[in-house]
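**Student:** predicted model, plus sequence, below.
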Amino acid sequence: MSLDFKPGAFDFFRDETFRESFTYRNSNPLRFPFPFDRDDYMYSVNMEPHVPGRKGTAFEHILDVDEHYVAEMIDRAKVLADDPLRCQSLPHMTLAGWDLLELIMEAKARDYPQWFSLTKNGNRWHWVNRPLGIEQSFTFLDESTLPYGPFEYITRQTQGDFSLQDERDNDLWMDAGMITSQADWSLDFDIGMSFMEWHAPVPLAHEKGVFDRALKFLLKLQHGAPVRRFNWTMTVNPLLDTAPETYPKWGPTKTTLTQENLGAKQHLRVELQSLYRLPRSNAIAFDIRCYLCSFEQIVTVPKWARRLHRVVRDLPDELAAYKGFLRNRPAMVEWLSKYDDGAPTSPGWWPDD
Amino acid sequence: MLTPVTPTIRSRPVYAPLEPRPGRLHLMVADGEGADALIELLAKANNRSEILSSAHVIYAPGPNGTDRSDVLKALGLRQFFRAPTIPALLPRLVRVLADAHMGTQFYLAGTEGLIGQAEREIMATGFPMGAIQKEHRGSTVRRVQCVHCKGITENVATDPFKCSHCGLNLFVRDHYSRRIAAFQGVNIDAEDPGQVPEPVVRFK
């Protein structure tokens, strides 16, 4: 499976980069899932049903395929070529990988029939992914009929990082992952950990009982009733792969911000996280879909401009440090303050219509 | 005495004094001062002779040179093995685990590096975590994996320290992987290359 972007073949998908030249842009910032529903931010379980939402937004379908799809998949292939440890699956997770493959193929073929199709004849399946130029006949549940294991095969064709959680002993164990657009955490280090172990480094939330409640909630997650929540952080340059492994390479970019370049370089990084109970394995699939938007694009929406300024300004130091932007916060606040006239903002995250 | 662990994040292992339990085989893996934990375990056991007659002790001197082999040997254990180092001890442990049945009790005592690596081998065979007791004794030096090059540096005493594989200056996190049996080390001067704080001895 080799991915070569063919300009013009699909006018919808942008030919862009998430490294070196950083040509990533959003054609329509209003599509961006702005994560703040009020003017301040603190950790909470903030789960809601993951159901299709407003047309023309990232919520229209449960698996959003947007203009960045092909470029993100090319970027993922490059990350994996550099470091195959970014995709790992412990031996008992193969069935959960098939569950996820089925979920994704069915959702994409249903919601984007112009790009994807899935035909089934018993266990003989035929999958077509037109944007990536992939056609594959295979036998469902027979690994030998795919070029990769089922988990790696389908997540090489799906935006968003994915982890698979096995349920044992009233706990969730992160026993597989495809993690190439992560906010600075290492799958290779965390694979095999329990829910509390892999969340251990997060400040403040343990004391607030957030993870105890979240785990209880997730253990009750039912097949067919996925849920979602937001998470967010800040990234200099539209760099998807902010991995701890490569931190010495991208860390120095945090020192390059000026008031002149901040609007273009500083990006709000949003994770639209969705969770699915899988039918055969009883595992839970965790989709961490990363959206990036530059500050200069965010401030084209007046409500978001005012709110982002207030959230960044008032965030507790521990969170700004954990999210890795404590050193740049004063510069960000200074830049954003020019777009905040102090007017009240309406509740909820949608831009004012 | 059990080495106290300052409460910190929830991936950081915690330890408790070893308690005698009924079992078909008592597999004890220790290094350095961990020998004292085994001796105290036996001292408080009602079934001391029963445990001794089904005990297999695998032991290595500690990273600080502490070697209590002679004391352990004199206990009258069914089986005693002294390895010169932890890496030399592990193949023996793996072989013994191949024959261990359910109902085996595991007692791990000594440095975190020894405990972590022995625990990893035991878990890999599928034994339940509940069958493994762990008591941290002696040196607090750490086994740390460099998150960048993946190399593991043993017996880390200072924070920050230089990765023994790639040479980056790493700070030591409390984040711990049981699968790797190591703490995580992260480049301390990634954002400001060359600005490395003076190393402080945090682990002795």
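**Tutor:** Arrived safely.

**Student:** residues touching B:T8, list them.
**Tutor:** Contact analysis of B:T8 by Cβ atoms under 8 Å, 6 or more residues apart in numbering or on different chains lists B:D174. In this view, the C-beta of every residue, glycine as well, is placed from N, C-alpha and C.

**Student:** you'd agree B:H26 is in a strand?
**Tutor:** Yes: assessed with DSSP: H, G, I helix; E, B strand; the rest coil, B:H26 lies in a strand.

**Student:** residues contacting the nearest residue to it once chain neighbours are set aside?
**Tutor:** Distance criterion Cβ to Cβ, 6 or more residues apart in numbering or on different chains; nearest residue to B:H26, sequence neighbours excluded, is B:A55 at 4.4 Å. By Cβ under 8 Å, 6+ apart, the contact set of B:A55 is B:26-28, B:77-79.

**Student:** do the same with A:K108
**Tutor:** Taking Cβ under 8 Å, 6+ apart as the definition, contacts of A:K108 comprise A:63, A:65, A:115-116, A:118, A:129, A:158.

**Student:** which one of the residues you listed is nearest chain B?
**Tutor:** Ranked by distance to chain B (Cβ to the nearest Cβ), the contacts of A:K108 are led by A:T158 at 25.7 Å.

**Student:** verify the stated contact: the closest one with A:I62.
**Tutor:** No: look at A:T158 against A:I62 with Cβ atoms under 8 Å: they stay out of range, at 11.7 Å.

**Student:** who has more neighbours out of those two?
**Tutor:** Comparing A:T158 with A:I62 by other Cβ atoms under 10 Å in any protein chain shown, the one with more neighbours is A:T158, at 26 against 20.

**Student:** can you count the residues close to B:T85?
**Tutor:** Neighbours of B:T85 under the rule other Cβ under 10 Å: 12.

**Student:** can you list phi and psi of it for me?
**Tutor:** For B:T85, the backbone dihedrals (degrees, to the nearest 10) come out as phi -150, psi 170.

**Student:** got it, and B:L89?
**Tutor:** Dihedral angles phi and psi of B:L89 (degrees, to the nearest 10) take the values phi -80, psi -30.

**Student:** and A:L268, by the same measure?
**Tutor:** Dihedral angles (degrees, to the nearest 10) for A:L268: phi -80, psi 130.

**Student:** who does the longest strand seen in chain B pair with, and is each partner parallel or antiparallel?
**Tutor:** Longest strand of chain B, by residue count under DSSP state E: strand B:169-177. Applying DSSP bridges to the sheet, strand B:169-177 is found paired with strand B:161-162 (antiparallel), strand B:182-187 (antiparallel).

**Student:** who touches the strand or helix carrying B:E121?
**Tutor:** Using DSSP states H and E, B:E121 maps to helix B:112-124. Applying Cβ under 8 Å, 6+ apart, the external contacts of helix B:112-124 come out as B:13, B:15, B:29-32, B:34, B:60, B:63, B:86, B:89-90, B:93-94, B:97, B:106, B:108-109, B:129, B:131-132, B:134, B:136, B:140-143, B:154-155, B:176, B:178-182.

**Student:** stretch A:42-50 too?
**Tutor:** Stretch A:42-50 is contacted from outside by A:62, A:202, A:204-205, A:208, A:210, A:213-214, A:217, A:225-230, A:274-276, A:316, A:319, using Cβ under 8 Å, 6+ apart.

**Student:** enumerate the positions of that stretch that are buried.
**Tutor:** Within stretch A:42-50, the residues scored as buried using 16 or more other Cβ atoms under 10 Å in any protein chain shown are A:43, A:45, A:47, A:50.

**Student:** mind putting those into CSV with secondary structure, distance to B:N187 and pLDDT?
**Tutor:** Formatted as CSV, the buried residues of stretch A:42-50 follow (DSSP: H, G, I helix; E, B strand; the rest coil; distance: Cβ to Cβ, whole Å; pLDDT from 0 to 100):
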residue, secondary structure, distance to B:N187, pLDDT
A:Y43, coil, 27, 80
A:V45, coil, 33, 74
A:M47, coil, 35, 90
A:H50, coil, 36, 97
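
**Student:** tell me the one among those nearest to chain B.
**Tutor:** For those, the nearest to chain B is A:Y43 (15.3 Å; Cβ to the nearest Cβ).

**Student:** where do the helices sit along chain B?
**Tutor:** According to DSSP state H, chain B carries its helices in the segments B:34-43, B:48-53, B:69-73, B:86-99, B:112-124.

**Student:** tilt between the first one and helix B:112-124?
**Tutor:** Angle between the axes of helix B:34-43 and helix B:112-124 is 60 degrees (criterion: axes from the mean of the first three to the mean of the last three Cα atoms, to 10 degrees).

**Student:** per-residue pLDDT, the residue of the stretch 1-150 of chain A found nearest chain B?
**Tutor:** Using Cβ to the nearest Cβ, the closest approach of the stretch 1-150 of chain A to chain B is made by A:L85 at 7.6 Å. For A:L85, the model assigns a pLDDT of 98.

**Student:** same check, this time on A:L3
**Tutor:** Looking at A:L3, its pLDDT is 62.

**Student:** before we move on, what about A:G8?
**Tutor:** With respect to pLDDT, A:G8 scores 54.

**Student:** for chain A, what are the nearby residues on chain B?
**Tutor:** Residues of chain B lying near chain A by Cβ under 8 Å from any Cβ of the partner chain: B:9-12, B:145, B:147-148, B:150, B:168, B:173-180, B:184, B:186-187, B:190-193.

**Student:** follow-up on the earlier one: in a markdown table, list the helices of chain B along with mean pLDDT, mean neighbour count and distance to A:M105.
**Tutor:** Below are the helices of chain B laid out as a markdown table (pLDDT from 0 to 100; neighbours: other Cβ atoms under 10 Å in any protein chain shown; distance: least, Cβ to Cβ, whole Å):
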| stretch | mean pLDDT | mean neighbour count | distance to A:M105 |
| --- | --- | --- | --- |
| helix B:34-43 | 97 | 22 | 52 |
| helix B:48-53 | 94 | 15 | 56 |
| helix B:69-73 | 97 | 14 | 59 |
| helix B:86-99 | 96 | 15 | 41 |
| helix B:112-124 | 96 | 22 | 34 |
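
**Student:** out of those helices, the one nearest B:P160 is which?
**Tutor:** helix B:112-124 (18.7 Å; Cβ to Cβ).

**Student:** format the CA atom coordinates belonging to the closest one as CSV.
**Tutor:** Only the C-alpha atoms of helix B:112-124 are listed here, as CSV (Å, rounded to 0.1, in the frame of the first residue of the first chain):
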residue,chain,number,x,y,z
GLU,B,112,13.1,-1.3,41.9
GLY,B,113,15.1,-2.4,38.9
LEU,B,114,15.2,-6.0,40.2
ILE,B,115,11.6,-6.0,41.3
GLY,B,116,10.4,-4.5,38.0
GLN,B,117,12.3,-6.9,35.7
ALA,B,118,11.4,-10.0,37.8
GLU,B,119,7.7,-8.9,37.8
ARG,B,120,7.8,-8.4,34.1
GLU,B,121,9.0,-12.0,33.5
ILE,B,122,6.4,-13.4,35.9
MET,B,123,3.5,-11.4,34.3
ALA,B,124,4.6,-12.6,30.9
